[in-house]
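Colleague: predicted structure and sequence below. I'll ask about it afterward.
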Amino acid sequence: MKRARLPIVVIGSGVAGMATALAAAPAPVRLLCRAADGSGSASALAQGGIAAAVGAGDSPAAHVHDTLEAGSRHNDAAAVRWLCEAAPATVDWLAAQGAAFDRTDAGALQLGREGGHGAHRIVHAGGDATGAALVRALRAKVARAEHVQWRGGVDVDALLLRAGGVVGVRTRDAQGRHEVIEAAAVVLATGGLGALYAHTSNPPGADGAGLALALAAGAQARDLEFVQFHPTALALDGHSLPLLTEALRGAGARLIDGEGRALMAGRHPLGDLAPRDVVARRVWSVQQAGGSAWLDATPIEGDWQRRFPTVLASCLAHGLDPRRERLPITPVAHFHMGGVAADLDGQTSIPGLCAVGEVACNGVHGANRLASNSLLEAVAGGRRLGARLATAAPLPASGGHHWIERGAALPPENLHALRELLWQAAGPVREAAALRDAWRLCAAAAATGWQMRLAKELLRAMRLRRRSLGAHWREDRGCPAGSQAT
Ligand code: SIN
């Protein structure tokens, strides 16, 4: 008797997961995510746009150059070339899916510029609401796609392995009920891990759960030490904080200290548009010295509702009017360049297990991601992976199987303490003794929850890289930055 075709299981409902699911047609796909209504992805919060060399005088080669520079040339150059060359077609594909990019009166794409880019090459949809616009467009497509079965409100807490390959998942719903799904392939599209830090621009669900599951199964990791901190989130009490997009500075907003002096004066030739890690460290050091940092967006002229609807709404919701007053800022954990090691086809070191988007590390971002390359990579990578899986043969169906579980989560008070620990020891500025002490704490408490084990691996990678590179900044007491040993 012919066996029914097993589905491809995609975990995560951000743009990486949805692009993978759509591109896998006509292969059957089960798209799983934690939020009951499919919300909660970092994609939906993305205020930056999509970088693509589509403007006059620009070229993929120039985009490659800027991506490598931002990444401190730690990037995989072939991966960067692939991404930058794929960018224009990715924008076209998204437009064909219904993404309404911002256009000039003549119908051309409006091109913005962000930090680290040598040209105007950022396309937006709905001003600073690009991520939300893309998620809406792709979700509508997914809802109509007959090959995709979508299921929200479930967490994937275990992988099924057979003969060394991943052949299924176990889900758990809010009532604690389990379901086993055998799969032709399992795709992690679970996003980053900013929510493991005390302050982040990520949603609470971006906690590294997919990475932790892959590590538990023995998948290789890569570049775990590289976590990007965004310099300008609204400094409120709380964990998941509203971002104040870098595009505000591109449009004329200024960084100032508590006395109104230019924060970046004499610090970097690009001033307020210096690379993200440079600005984040500056804001961090002002805060550590007991001072405060602010973004003055009042010089921005024009239609805030059209250009910055997300920033305007989130500031107003907290009683601040960015058109009239300066805004208190703080750095936040924003993007994980490292992750599950994968090739450009999304293949990890374990047969049957794929990774795409922020949870994956294929070397494209190097030691620091260039602005507006993340949605781009998620969509381009998802399309490439989905197309490959559409025709891939499933793993052999024989042999004994076993389960790999992620394990129990930390109790809330311990999770809170871990976030504070990572914020202090593994934040924008790191030093040997703090990394060592934090690693020891996590190692001793590894049995208390999967987040502790994941943090231990992050700290291990941070300790091993003894010199500063990109977003990984070592400033060990008594030694000049980047020259010290652990
Ligand atoms: C921003 O809008 O400042 C963030 C964009 C990005 O992370 O690429």
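Modeller: Noted; the coordinates are in hand. Numbers count the residues shown, from 1 in each chain.

Colleague: pretty sure Val166 sits in a strand.
Modeller: Yes - assessed with DSSP: H, G, I helix; E, B strand; the rest coil, Val166 lies in a strand.

Colleague: isn't it right up against Pro351?
Modeller: Yes - Val166 lies in contact with Pro351 (CB atoms under 8 Å); the separation is 7.2 Å. (Each C-beta comes from the backbone N, C-alpha and C, glycine too.)

Colleague: so which of the two has more stuff around it?
Modeller: Under the neighbour definition other CB atoms under 10 Å, Val166 and Pro351 were set side by side, and Val166 has more, 26 against 17.

Colleague: what distance separates the lowest-mean-pLDDT helix or strand in the chain from the centre of its chain?
Modeller: Least confident helix or strand, the chain: helix 247-250 with a mean of 90, by mean pLDDT, DSSP states H and E. How far helix 247-250 lies from its chain's middle: 20 Å, per CA atoms, centre = their mean, to the nearest Å.

Colleague: flag the shaky bits of the stretch 301-450 of the chain, pLDDT-wise.
Modeller: Scanning the stretch 301-450 of the chain for pLDDT under 70 picks out nothing.

Colleague: need the pLDDT of whichever residue of the stretch 1-150 of the chain sits closest to the ligand.
Modeller: The ligand sits closest to Gly48 of the stretch 1-150 of the chain, with a gap of 2.5 Å, by CB to the nearest ligand atom. As predicted, Gly48 sits at a pLDDT of 86.

Colleague: torsion angles phi and psi at Val364?
Modeller: Backbone torsions of Val364, given as degrees, to the nearest 10, read phi -70, psi -30.

Colleague: for the remainder of this discussion, apply numbering that starts at 44.
Modeller: From this message on, residue numbering opens at 44, which makes the last subject Val407.

Colleague: show me the contacts for it.
Modeller: Counting by CB atoms under 8 Å, 6 or more residues apart in numbering, Val407 makes contact with 110, 118-119, 122-123, 125-126, 416, 420.

Colleague: my read: Ala435 touches Asp388, true?
Modeller: No - in this structure, Ala435 is not within contact of Asp388 by CB under 8 Å, at 9.5 Å.

Colleague: okay, the two: which has more neighbours?
Modeller: Using other CB under 10 Å, the more surrounded residue of Ala435 and Asp388 is Ala435, with 18 against 15.

Colleague: give the contact list for that one.
Modeller: By CB under 8 Å, 6+ apart, the neighbours of Ala435 are 227-228.

Colleague: up against the ligand, what does the stretch 294-443 of the chain have?
Modeller: 414-415, 417 (CB under 6 Å from any ligand atom).

Colleague: same list (those) but as JSON lines, adding neighbour count.
Modeller: Below are these laid out as JSON lines (neighbours: other CB atoms under 10 Å):
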{"residue": "Ala414", "neighbour count": "26"}
{"residue": "Ser415", "neighbour count": "28"}
{"residue": "Ser417", "neighbour count": "28"}
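
Colleague: can you flag which of those residues belong to helices?
Modeller: Ser417 (DSSP state H).

Colleague: so His361 touches Leu279, yeah?
Modeller: Yes - His361 lies in contact with Leu279 (CB under 8 Å); the separation is 6.1 Å.

Colleague: where do the contact lists of these two overlap?
Modeller: Contact criterion CB under 8 Å, 6+ apart; residues shared by His361 and Leu279: Pro285.

Colleague: you'd agree Ala228 is up against Ile51?
Modeller: Yes - using CB under 8 Å, Ala228 is in contact with Ile51, at 5.0 Å.

Colleague: which neighbours do the two share?
Modeller: Residues touching both Ala228 and Ile51 by CB under 8 Å, 6+ apart: Leu432.

Colleague: the helices in this protein, which residues?
Modeller: 58-66, 103-113, 120-139, 173-187, 252-259, 290-293, 319-331, 347-350, 352-360, 417-434, 455-468, 475-487, 493-507.

Colleague: tell me the contacts of the residue lying closest to Gly91 once chain neighbours are set aside?
Modeller: Excluding the flanking residues, the one nearest Gly91 by CB to CB, 6 or more residues apart in numbering is Ser415, at 4.3 Å. Each residue near Ser415 by CB under 8 Å, 6+ apart is listed here: 91-94, 157, 160, 165.

Colleague: likewise for Ala95?
Modeller: 106, 130-131, 133-134, 164, 166, 419.

Colleague: with neighbour count and distance to Glu474 added, can I get those residues in JSON lines?
Modeller: JSON lines is the format used below for the contacts of Ala95 (neighbours: other CB atoms under 10 Å; distance: CB to CB, whole Å):
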{"residue": "His106", "neighbour count": "28", "distance to Glu474": "35"}
{"residue": "Ala130", "neighbour count": "25", "distance to Glu474": "38"}
{"residue": "Pro131", "neighbour count": "17", "distance to Glu474": "43"}
{"residue": "Thr133", "neighbour count": "23", "distance to Glu474": "40"}
{"residue": "Val134", "neighbour count": "22", "distance to Glu474": "42"}
{"residue": "Arg164", "neighbour count": "28", "distance to Glu474": "37"}
{"residue": "Val166", "neighbour count": "27", "distance to Glu474": "40"}
{"residue": "Leu419", "neighbour count": "28", "distance to Glu474": "34"}
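
Colleague: ok, back up a step: which pair of the contacts of Val407 spans the longest distance?
Modeller: Pairwise distances across those peak at 13.5 Å for Asp119 and Asn416 (criterion: CB to CB).

Colleague: compare those two and say which is more crowded by neighbours.
Modeller: Asn416 (28 against 19).

Colleague: phi, psi of that one?
Modeller: The phi/psi pair for Asn416 (degrees, to the nearest 10) is phi -90, psi -10.

Colleague: what's the local residue count around the closest residue to it other than its chain neighbours?
Modeller: Spatial nearest neighbour of Asn416, chain neighbours left out: Ala94 (5.4 Å); criterion: CB to CB, 6+ apart. For Ala94, the count of nearby residues is 32 (other CB under 10 Å).
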